[in-house]
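Participant: Give the three-dimensional model of this entry:
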Amino acid sequence: MRKLREALKTREALAPDPDAVLAGAHGRIRRRRTQRRVAGAAAAVAVVIAGAGAGMSLLRPSGEPESIEAAAGAADLPVPAPALPFTVDNLPPSLELSSWTVAGGSASGRYEGYYGTTMEISVSEAGPDVAGTGTVTYLSGGAARAQLRIEPGKVVTVVTGSRQFPEAGLLEIVKSVRLVPTPVHSMLRTLRAPAGLTVRQWSGGAEAEYLTLCPAEVPLKTPARTDGRCYEITVTSAGAPVPITTKALTPLPPGKTVRRLLNGGTVLTVSTELGAEAVMEAISTSAVGS
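Facilitator: Have a look, this model is predicted:
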């Protein structure tokens, strides 16, 4: 569990290159995640923030009210529930979503199935050399990558393990990706924060989540992890050790931390270097586990 938690924490180091961010985050989760599966799209998560980045949505499961739960003593606005900004119509039925990352205009989901079958699907900014008809490239070790430009400025990338899917099957999958949001499971049902903060990154897996909230004055292209004005929120499942709040290669200066035990034993940690303690307390008080 500790390894999974550390893997999710390292996702926060957003680089200007979205492809590099998504590849690094899912590479670490692939090595460290537990065997539990995330149960696909679910989530009655209330989200906290106006102007959230792409991939954040106020979607709720069908049959539930659209209004967001009020949290007593909470901050100003609900943070939008996490959602992958795409839908895969022809996802193989044997695969289930195991981890996900949404960071600005880029997002990625990792899917796992029986006998070590894996697939990573991402949507990011398109380069000038990506074809609109779809291409398949074979990588080292027999892995394969399919890419398709789905609209100006956006490209879908599907990466699979060694000889797991035929070329025609990969092209069918990549062509079935649509820019329709898909809600993802979250360990939080309610979370609120002051107006002006936005979600810069949200990563999740079976037993841990990590998100970063930053004020408007922090440039979008700046890795949020390096700016002390941002607020880091970590959620871990019951029985998991309290997560660390520093990254080995780029440690932050000493900061402030608030921890709460939520319903079901979930542990919430809110930390910041230069942010206000009152904001940390408000975010922490508003949180309700799912």
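Participant: From now on I want contacts and neighbour counts done on CA atoms only, so please keep to that.
Facilitator: Fine.
Participant: Pass me the low-pLDDT residue ranges in this protein, would you?
Facilitator: Under the criterion of pLDDT under 70, the regions of the chain flagged as low confidence span 1-75, 128, 131, 222-225, 238-254.
Participant: What ranges does it have for its helices?
Facilitator: Counting by DSSP state H, the chain has these helices, from start to end: 2-10, 18-32, 167-175, 277-286.
Participant: for R163, what are its contacts?
Facilitator: By CA atoms under 8 Å, 6 or more residues apart in numbering, the contact list for R163 reads 142-144.
Participant: nearest to A206, of these?
Facilitator: Using CA to CA, A143 is the member of these that lies nearest A206, at 25.1 Å.
Participant: who's in contact with that closest one?
Facilitator: Taking CA under 8 Å, 6+ apart as the contact definition, A143 lies against 159-163.
Participant: Kindly list the main-chain dihedrals of it?
Facilitator: Listed backbone geometry of A143 is phi -70, psi 160, with angles given as degrees, to the nearest 10.
Participant: Distance-wise, check it relative to V136.
Facilitator: Look at A143 and V136: by CA to CA, to the nearest Å, they are 10 Å apart.
Participant: coming back round to it: and the contacts of A143, which are buried?
Facilitator: Buried residues within the contacts of A143, counting neighbours by 16 or more other CA atoms under 10 Å: 159-161.
Participant: Which of these fall within strands?
Facilitator: With strands identified by DSSP state E, the entries of the buried ones among the contacts of A143 that belong to them are 159-160.
Participant: tally of neighbours for E125?
Facilitator: The tally of other residues near E125 (other CA atoms under 10 Å) stands at 17.
Participant: Equivalent analysis for the one 5 residues further on, please.
Facilitator: Around V130 there are 16 other residues, counting by other CA under 10 Å.
Participant: which ones are touching the closest residue to it other than its chain neighbours?
Facilitator: Once flanking residues are discounted, V130 sits nearest to R149: 6.1 Å by CA to CA, 6 or more residues apart in numbering. Contacts were defined as CA under 8 Å, 6+ apart; by that measure R149 touches 126, 130-134, 155-156.
Participant: ok, which pair from these is furthest apart?
Facilitator: Taking CA to CA, the two most distant members of these are A126 and T133; they sit 13.6 Å apart.
Participant: more crowded one of the two?
Facilitator: Comparing A126 with T133 by other CA under 10 Å, the one with more neighbours is A126, at 20 against 11.
Participant: Quick check: the more buried one vs S284, distance?
Facilitator: Note on A126: its distance to S284, by CA to CA, is 37 Å.
Participant: circling back: return the closest of the contacts of A143 with respect to V279.
Facilitator: Relative to V279, and with distances defined as CA to CA, the nearest of those is V159, at 40.1 Å.
Participant: surely that closest one meets A144?
Facilitator: Yes: in this structure V159 lies within contact range of A144 using CA atoms under 8 Å: 5.7 Å.
Participant: The contacts of R163 into a markdown table, with extra columns for distance to P92?
Facilitator: Written out in a markdown table, the entries for the contacts of R163 read as follows (distance: CA to CA, whole Å):
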| residue | distance to P92 |
| --- | --- |
| G142 | 20 |
| A143 | 17 |
| A144 | 16 |
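Participant: and V159, bridged to which residues?
Facilitator: Counting by DSSP bridges, V159 forms beta bridges with E120, R145.
Participant: list the contacts for it?
Facilitator: If you count contacts by CA under 8 Å, 6+ apart, V159 has them with 119-121, 143-146.
Participant: Pull out the buried members of those residues.
Facilitator: Among these, those buried by neighbour count (16+ other CA under 10 Å) are 119-121, 144-146.
Participant: and the end-to-end length of stretch 124-143?
Facilitator: The distance separating the two terminal residues of stretch 124-143, taken as CA to CA, comes to 20 Å.
Participant: Quick check: buried residues in that stretch?
Facilitator: By 16+ other CA under 10 Å, the buried positions in stretch 124-143 come out as 124-126, 130, 134-136.
Participant: for those, which one is nearest L213?
Facilitator: Among those, S124 lies closest to L213 (CA to CA), at 20.8 Å.
Participant: What's opposite the closest one in the beta bridge?
Facilitator: Beta-bridge pairing for S124 (DSSP bridges): V155.
Participant: change the start of the numbering to 174 and stick with it
Facilitator: Yes, from this point I'll number from 174; that puts the last item at S297.
Participant: of the buried ones among the contacts of A316, closest to G428?
Facilitator: Proximity to G428 was ranked across those by CA to CA; first place goes to V332, at 38.3 Å.
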